[in-house]
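Novice: could you look at this predicted model? Sequence included:
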Amino acid sequence: MTLVEPNDVSRLVERELGEPVTSVVEMAGSVTNRSYRVDTGTGPMVMKTCPEHDWINETTALSTLAAAPSVPTAALLASGDLDGLPWLILRWVDGEPAGDAQARRTAGPAVSELHQHRADHFGPPSDPATSWADVLHRGLDAELRDVVSAGLLSATDASAVQRAVAAIPAYRGEPRLLHGDLKDVHLRTHGAALAALLDWGDASAGHPIDDLARGGAGLPPPLHRRMPGHRAARRRRLVRGLPGTHRGRPARARESLYGTVVLTEPDARLSGRRPVR
């Protein structure tokens with residue numbers, strides 16, 4: 001990935017927004033993303049570089065949600081390409097990552113509202129699919145081969161995962177917007193209020209329960225118990241299908257690929273009825 005220096009960031013922000021930059025500080029990022037806090041005369045911003053697929057997903061999601069105040073996000077100020085490297089500039093959001101039960105509860109209604117937004121395709125904007133089944137299955141064999149080769153999963157358990165995914169009941173609903181990575185660090189809170197849902201590089205569209213399952217996979221208790229403000233937490237038909245463990249008991253994997261994290265437990269079941277293996 002092309003490296004971006006603070007001087008590049010400063011020039012870019014001044015060119016795109018006409019804002020005099022007073023300081024640029026690189027923030028904690030990831031292997032593929034780099035983020036910078038940019039202080040200007042009118043307030044702080046974030047300049048972020050990322051792979052093209054993340055850029056497409058994030059800019060599409062933020063543009064879609066710009067007119068949805070019930071789903072707070074960091075405002076997208078500008079985006080583009082710098083010598084082949086996608087970038088975006090976001091308004092800075094004050095606050096802290098959600099770190100307790102109360103903070104996560106405040107995010108529930110906003111995530112629930114997010115899941116009311118319909119999309120015109122399944123899967124991420126960067127790689128749309130024709131059905132939810134396509135999203136769950138594509139790339140699965142290659143991913144399982146990788147984790148088996150790395151010694152993270154046995155071949156027996158990989159086969160159990162394949163059988164479980166093949167048995168997932170078809171989702172016949174409309175594709176709904178999904179955040180794709182609902183971990184605490186992306187739930188920015190300010191006091192007892194949700195300030196913003198951040199980092200939309202994994203945004204997608206499909207079954208809302210998948211968003212909760214991905215965010216809560218393998219974490220005791222499951223995310224739906226930590227985010228009770230979400231509508232799904234009040235619907236037993238959906239709650240029953242959320243993966244994870246609670247008080248040492250395997251939860252049931254019903255409609256989400258991420259439910260397969262519990263398949264290595266001896267009494268894990270699919271849909272609460274049939275043994276997976």
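Specialist: Arrived safely, thanks for sending.

Novice: C-alpha only now, for contacts and for neighbours.
Specialist: Will do.

Novice: Asp81 and Trp55 touch, don't they?
Specialist: No: applying Cα atoms under 8 Å, one finds Asp81 not in contact with Trp55, separated by 9.9 Å.

Novice: overlap in contacts, the two.
Specialist: Trp87 (Cα atoms under 8 Å, 6 or more residues apart in numbering).

Novice: where does the prediction get shaky in this protein?
Specialist: 1-3, 215-277 (pLDDT under 70).

Novice: domain ranges for it?
Specialist: The chain breaks down by automatic domain parsing into domains covering 6-91, 96-275.

Novice: which residues sit in contact with Trp200?
Specialist: Trp200 neighbours (Cα under 8 Å, 6+ apart): Asp54, Asn57, Glu58, Ala61, Leu62, His179, Gly180, Asp181.

Novice: which of these tops the neighbour count?
Specialist: When neighbours are taken as other Cα atoms under 10 Å, the top entry among the contacts of Trp200 is His179 (28 neighbours).

Novice: which residue, other than its chain neighbours, is closest to that one?
Specialist: Ala203 (4.6 Å; Cα to Cα, 6 or more residues apart in numbering).

Novice: so how many other residues sit close to the one you found?
Specialist: By the criterion of other Cα under 10 Å, Ala203 has 24 neighbours.

Novice: look up phi and psi at it.
Specialist: Note on Ala203: backbone dihedrals following degrees, to the nearest 10 are phi -60, psi 140.

Novice: ok, now how distant is it from Glu58?
Specialist: Separation of Ala203 from Glu58 (Cα to Cα, to the nearest Å): 7 Å.

Novice: for Val9, same thing?
Specialist: 19 Å.

Novice: what does Val135 give?
Specialist: Separation of Val135 from Glu58 (Cα to Cα) stands at 18 Å.

Novice: swap in Tyr171?
Specialist: When distance is defined by Cα to Cα, Tyr171 is 25 Å away from Glu58.

Novice: and Ala98, by the same measure?
Specialist: Ala98 is 21 Å from Glu58, by Cα to Cα.
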